[in-house]
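Enquirer: coords below, sequence missing:
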Ligand code: DHB
Ligand code: MG
């Protein structure tokens, strides 16, 4: 991350985003609780919200809740009868997220499931769950496993976004011994085998450093 990326993020936020007491409060509470600073940026949150509106999503699945920042940003973009399921493995983090969600005013649209994302996904698959939009943002070790399951859970025409697919450029290190890099590379290798899926990735810079999002449209 460089100063210019931070400054440009601030400039874009100032011009394109409205003041956002709800998300600002979640960011503050998450920081005060000592959660890792890995939530999406305000501009990225709005990007996710825009995608949700563009594809007319009503049912959203988030894999990896953290403090609830992106969950609230996405739930807010849904129609009133929309539903968002999100997962959090860490019980303390989930407690903070639930407080943030309850305080946001959008708690009635958000179903926070505490436990390993893989269990939630497998349960949803066994129950015939179907989603219009999936955001994958949990541990990167399981990125491929999450994408595999997300593809089963996304209806034709639905969209999947996977966060953190660039990792400061480390994704291209083929012999990386870091498990998160191995996980992202496994996801990319799996993506390379897919047919009938429109997909791309965008490298991102900004206040949260250099990373990227992959985007998939299931047909
Ligand atoms: C990490 C995780 C994230 O979801 C993110 O957006 C940035 C960093 C991490 O685990 O390092
Ligand atoms: Mg992320």
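Expert: Nice, I can see it. These numbers come from a predicted model, not from an experiment. Ligands and ions are numbered 1, 2, ... in the order given.
Enquirer: ok, the residue nearest to residue 163 when sequence neighbours are not counted to ligand 2 distance?
Expert: Closest residue to residue 163 apart from its sequence neighbours, by C-beta to C-beta, 6 or more residues apart in numbering: residue 137 at 4.2 Å. Where C-beta positions appear, they are placed from N, C-alpha and C, glycine not excepted. Using C-beta to the ion, to the nearest Å, residue 137 is found at 4 Å from ligand 2.
Enquirer: you'd agree residue 137 is up against residue 165?
Expert: No - in this structure, residue 137 is not within contact of residue 165 by C-beta atoms under 8 Å, at 10.8 Å.
Enquirer: still on that earlier bit, could you measure from the residue nearest to residue 163 over to residue 65?
Expert: Look at residue 137 and residue 65: by C-beta to C-beta, to the nearest Å, they are 9 Å apart.
Enquirer: higher neighbour count, the two?
Expert: Shown here are residue 137 and residue 65; by other C-beta atoms under 10 Å, residue 65 has more neighbours (31 against 26).
Enquirer: if I look at the more buried one, how far off is ligand 1?
Expert: 11 Å (C-beta to the nearest ligand atom, to the nearest Å).
Enquirer: pretty sure that residue is touching residue 98, no?
Expert: No - taking contacts as C-beta under 8 Å, residue 65 lies outside contact range of residue 98: 9.1 Å.
Enquirer: name the nearest residue to residue 53, ignoring sequence neighbours.
Expert: Nearest to residue 53 is residue 77, by C-beta to C-beta, 6+ apart, at 5.3 Å.
Enquirer: what score does that neighbour have for pLDDT?
Expert: Residue 77 is assigned 98 on the pLDDT scale.
Enquirer: residue ranges with poor pLDDT in this protein?
Expert: 1 (pLDDT under 70).
Enquirer: need the overlap of contacts for residue 65 and residue 98.
Expert: Taking C-beta atoms under 8 Å, 6 or more residues apart in numbering as the criterion, residue 65 and residue 98 both touch residue 112.
Enquirer: can you point out the buried residues in stretch 174-183?
Expert: By neighbour count with 16 or more other C-beta atoms under 10 Å, stretch 174-183 contains the buried residues 180-183.
Enquirer: which residues are in contact with the residue of the chain found nearest ligand 2?
Expert: Of all residues in the chain, residue 163 sits closest to ligand 2, at 3.6 Å by C-beta to the ion. Neighbouring residues of residue 163 by C-beta under 8 Å, 6+ apart: 40, 135-137, 211, 213.
Enquirer: list, one by one, the residues from the protein near ligand 1.
Expert: 38, 137, 163-164 (C-beta under 6 Å from any ligand atom).
Enquirer: now do the strands in this structure.
Expert: 59-63, 83-88, 110-114, 131-136, 154-163, 197-204, 211-218 (DSSP state E).
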